[in-house]
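*Asks:* everything below, folded, please.
(chains A and B)
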Amino acid sequence: MLKFDNVTKRYPETGDVLRNISFHLRHAEMAFLAGHSGAGKSTLLKLIATMERCSRGQILLDGQDLSHAKEKQLPFIRRKMGIIYQDYKLLQDRTVFDNVALPLVIAGYGHHEITRRVRAALDKVSLSGKEKKYPFALSGGEQQRVGIARAVVNKPPIIIADEPTGNLDPELSAEIMFLFGQFQQVGVTVLIASHDISLITQLNHRVLKLDHGQLISS
Amino acid sequence: MKQGNKNYIRKNAPVKPVRHDVRQTKTAGGNFIDKLHAYRDLHAHALFSSLGRLVASPFTSIMTIAVLAIAISLASGFYILVVNLQQLTGSLETSNQISLFLRDDVSDSHANKLADSIRQNPDVQSVKLITREQGLAEFQTYSGFGAAINALENNPLPIVIQVLPKNSLEDKQGLESLLKNFQQSPEVDLAQVDLQWIERLQSILEVARLFAILLNLMLGLAVLFVIGNTVRLELHTRRDEVAIAKLVGATNSFILRPFLYSGFWIGFISGVSAWFIVNVLMLILRQPVEKLSGLYDGSFHLLFLSFTDTLALIFVSSVLGVISSWFVVIYQLRQLKPE
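*Replies:* A predicted model of the protein is given here:
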């Protein structure tokens, strides 16, 4: 599903942030991306999200080469993944429904299909009945679940989460992780970046460990 | 949820087989008609939400639209001025009337004799004598200087003989020799072909027309920049929204669409406002102009913006709005990278 082949990312100012990264996440596999801050986790996720381009090597998502994709293809590549952020990145002036509906609106779904799918996604994250609320009226855990609903509403084959539990207490974190487990079980590939070692060790999943831009265990 | 939690945290949770969740991730759902409807809905939404955003910040919107409306009304006002002046010279074009201003010491009876002798000239079609009194009366009626003229001890106006040459005398040479002839008679102080000042007026109008075109171009540019700047500010306040939309796979045209509609609305509303401004100004001017036209035997009527002019005015300002927001957003999107 996701394949890194000798990927290097170099910034002119700071030098190599990632060096010769190679790994392969299979279909419906769930993995953690661990490492101290500054190890290159965020950069690696940015490469997957096509917000950055790698300097060397090749990244394949579902057989498609991300490193050489044309600018015009990027929006369509991004529609194949659901991305979840530590700071949720919700539109504060839109309702929960509108926030979750955004990827479907962008992808050009019809009105009925959007309503049906948004309801289903909100149901999945136990937020049924909160469609009309605004994000600021929700707790942190609820906001993150809105972010997750938005990431999965388009039924992407891969979910990428950047410190999804960074702002949440352990109980809420466990709930969020449970959700990711459920997605994996229905065939979604899940990659979670986290520096929460206790959470990672608690769950028996594959761990990709980054240290100073190099993959020290996978 | 809690129950699920425990389940999940149990290590090596067995992977349940996929049953209900049939994944169709490759294409957007629905058939062609659904997609068409969705596309139409997107446009309708962008059309009304962009209008809604204008209404949501009325002060800023009114300021911007006022500036634009004034600029556009200046441009179209100058245009309609030139159109009106052209109509004026159009009606006068055929006249090659000669005016003879007689010397002060010429008496009315002498002037009558002179007029009679001119009437005998085979090149002359008709002659009209305007005495000092007639001239004064006419001047008092139309000029609005009645009181000032009453204050004068003597009538300052000369006797005027208006000579209309025969139509056959259209060539310039014949007209000029006739003019020379009149100029040489001792009673005549000044002989003047009216056509001459019409020609001058026409060349002045030609300059004015060119000036109007240049002015319209400049004001069009100003409109482009003002709308561009407004849309840039809107883009700036909505940059989070733009960034998030990009992250969940929005194409540039998806992001562009609401801003194009914003530009359209600003241009459209400014165009309509400008139309109102021009018409109100014209209504204010109409009466004095009609009065003035009495001097020219009522041959002149103030022309308002025609239906086609109105359509063109509103169309051009709307298109300017769309073009400037297109440029601004495309340029800004190149600068903006999703974080």
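
*Asks:* for chain B, which segments count as strands?
*Replies:* B:98-102, B:124-130, B:160-165, B:188-193 (DSSP state E).

*Asks:* which helices and strands sit right next to the second one?
*Replies:* In this structure, strand B:124-130 makes packing contacts with helix B:108-120, strand B:160-165, judged by 3 or more Cβ pairs under 8 Å, 6 or more residues apart in numbering or on different chains; DSSP states H and E. C-beta coordinates here come from the backbone N, C-alpha and C atoms, glycine included.

*Asks:* my guess is A:D98 contacts A:Q92. True?
*Replies:* No: if you go by Cβ atoms under 8 Å, A:D98 and A:Q92 don't touch, sitting 11.2 Å apart.

*Asks:* which residues of the stretch 101-250 of chain B lie near chain A?
*Replies:* B:240-241, B:244-250 (Cβ under 8 Å from any Cβ of the partner chain).

*Asks:* now the two most distant members of those residues.
*Replies:* B:D240 and B:G249 (16.5 Å; Cβ to Cβ).

*Asks:* how about the contacts made by the residue nearest the centre of chain A?
*Replies:* With distances taken as Cα atoms, centre = their mean, A:I160 lies nearest the centre of chain A, 2.0 Å away. A:I160 sits next to A:45, A:48-49, A:81-84, A:191-193 when contact means Cβ atoms under 8 Å, 6 or more residues apart in numbering or on different chains.

*Asks:* could you rerun that using 6 Å?
*Replies:* Contact partners of A:I160, counting by Cβ atoms under 6 Å, 6 or more residues apart in numbering or on different chains, are A:45, A:48, A:81, A:83, A:191.

*Asks:* the second one and chain B, how far apart?
*Replies:* When Cβ to the nearest Cβ, to the nearest Å is the yardstick, A:I48 and chain B sit 12 Å from each other.

*Asks:* just give the closest residue to that residue, not the sequence neighbours.
*Replies:* A:I160 (5.7 Å; Cβ to Cβ, 6 or more residues apart in numbering or on different chains).

*Asks:* of all the helices and strands in chain A, which has the lowest average confidence?
*Replies:* helix A:197-202 (a mean of 80; mean pLDDT, DSSP states H and E).

*Asks:* now A:R19: which helix or strand?
*Replies:* Per DSSP states H and E, A:R19 falls inside strand A:15-25.

*Asks:* what does stretch A:28-42 contact?
*Replies:* By Cβ under 6 Å, 6+ apart, stretch A:28-42 touches A:17-18, A:25, A:184, A:187, A:189-194, A:200, A:205-211, A:213.

*Asks:* let's go with 8 Å and repeat that
*Replies:* A:1, A:9, A:17-18, A:25, A:44-45, A:162, A:180-181, A:184-185, A:187-195, A:197, A:200, A:203, A:205-213, B:15.

*Asks:* what does stretch B:248-259 give?
*Replies:* A:72, A:75-79, A:83, A:102-103, A:106-107, A:150, A:154, B:42-43, B:46, B:49-50, B:231, B:234-235, B:242, B:245-246, B:325-326, B:328-330, B:333.

*Asks:* buried set for it?
*Replies:* Buried residues in stretch B:248-259, counting neighbours by 16 or more other Cβ atoms under 10 Å in any protein chain shown, are found at B:248-251, B:254-259.

*Asks:* just the closest of those residues to B:Q134, please.
*Replies:* Nearest member of the buried residues of stretch B:248-259 to B:Q134, counting by Cβ to Cβ, is B:F259, at 67.2 Å.

*Asks:* how far away is the nearest residue to B:K35 once chain neighbours are set aside from A:P75?
*Replies:* Excluding the flanking residues, the one nearest B:K35 by Cβ to Cβ, 6+ apart is A:G108, at 5.7 Å. Using Cβ to Cβ, to the nearest Å, A:G108 is found at 12 Å from A:P75.

*Asks:* count of residues packed around the residue of the stretch 51-200 of chain B found nearest chain A?
*Replies:* Nearest residue of the stretch 51-200 of chain B to chain A: B:A56, at 10.5 Å (Cβ to the nearest Cβ). Residues lying near B:A56 (other Cβ atoms under 10 Å in any protein chain shown) number 10.

*Asks:* just the pLDDT at it, thanks.
*Replies:* If you check B:A56, the pLDDT there is 86.
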